[in-house]
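# Sharing a model that was predicted from the sequence below.
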Amino acid sequence: MSVNFLRGQSYVIFMLLLVVSDIHGNLRALSRIVKAVAGKNIDTVIVAGDVTDFGTGDNAIQILNTLKDVSKKIFYVPGNCDYVDTFDIKELDEMNIHGKYAKIGDLFVIGVGGSVETPFSTPFELGEEEIDSLLEKAYRSAKQPKNFILVSHTPPYNTRLDLTYSGLHAGSRTVRTFIEEYKPMLVICGHVHEARGTDKLGESLMVNPGPARKGYYALVNIEKSREIEIFLGEA
């Protein structure tokens, strides 16, 4: 499945991103994804949370290192099923953009992990005010960029990407407000496994690649022109 979006701005870069989320420690499925995208000259891998399934920092390193066969440049945010207090390891911190930013070429990437509160009392849940504080801090630290990518484990509220099987929207109102106000060129999220797909909020293009533990992933091609192409894949 290939989805093309045209925007009214021109970008001076060209890159191909591999986007995965909700790996939940499934190395077998992740290895299939790595094999499926081999040879595609991927610039950067972005992981939108739930790297482990209630695992340790050592588990996270093993999982993320598997993705280094695709690209040495990896950025991730922890998900609500990650024990972030065990992620305090230098090797992980260098890739972690939760409440921080990184740069890919000329683009800024801003991240926020965890999720809004769930009925399941998972390890890393945040209130909307805390999500707001983390996003604003990262955005200001990046000098309020005009062209940037937002990576949020939790999808924005009331979109195709946060709709559960029961018909409820499980996303973050704060993330939605942030997108509407600052207009990231691309939003990458996960968390709601059944909401795999693409959507658009204002000028912002959005993708939930689906759970990597089932072999789902996305490729995002950002052209030098005004085109962004999103391919939803399954390995």
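That came in fine, so what should we check first?
# which residue sits closest to residue 156, ignoring its sequence neighbours?
Leaving out its chain neighbours, the residue that sits closest to residue 156 by CB to CB, 6 or more residues apart in numbering is residue 176, at 3.7 Å. Bear in mind the C-beta positions are built from the backbone N, C-alpha and C, glycine included.
# Now for the residue positioned nearest the centre of the chain: which residues touch it?
In the chain, the C-alpha nearest the mean C-alpha coordinate belongs to residue 48, at 3.0 Å (CA atoms, centre = their mean). Residues in contact with residue 48 (CB atoms under 8 Å, 6 or more residues apart in numbering) are 19-22, 76-77, 79, 151-153, 188-191, 209.
# where's the spatially closest residue to residue 35 that is not a sequence neighbour relative to residue 37, distance?
Nearest-residue entry for residue 35: residue 235, 6.9 Å, with adjacent residues in sequence omitted and distances by CB to CB, 6+ apart. Distance, residue 235 to residue 37, by CB to CB, to the nearest Å: 8 Å.
# any common contacting residues for these two?
Here residue 235 and residue 37 have residue 217 as joint contacts, going by CB under 8 Å, 6+ apart.
# Who has more neighbours out of those two?
residue 37 (21 against 16; other CB atoms under 10 Å).
# which parts of the top helix by length along the chain are buried?
The longest helix of the chain (DSSP state H) is helix 128-141. Using 16 or more other CB atoms under 10 Å as the test for burial, helix 128-141 gives 128, 131, 132, 134, 135, 138, 139.
# I'd say the residue nearest to residue 35 and residue 33 touch.
Yes: judged on CB atoms under 8 Å, residue 235 makes contact with residue 33 at a distance of 4.5 Å.
# Nearest spatial neighbour of residue 20, chain-adjacent residues omitted?
Computed as CB to CB, 6+ apart, the closest residue to residue 20 that is not its neighbour in sequence is residue 212, at 4.2 Å.
# Look at residue 207 and give its secondary structure.
Look at residue 207: counting by DSSP: H, G, I helix; E, B strand; the rest coil, its state is strand.
# still on that earlier bit, and of the contacts of residue 48, the nearest to residue 203?
The closest of the contacts of residue 48 to residue 203 turns out to be residue 188 (CB to CB; 15.8 Å).
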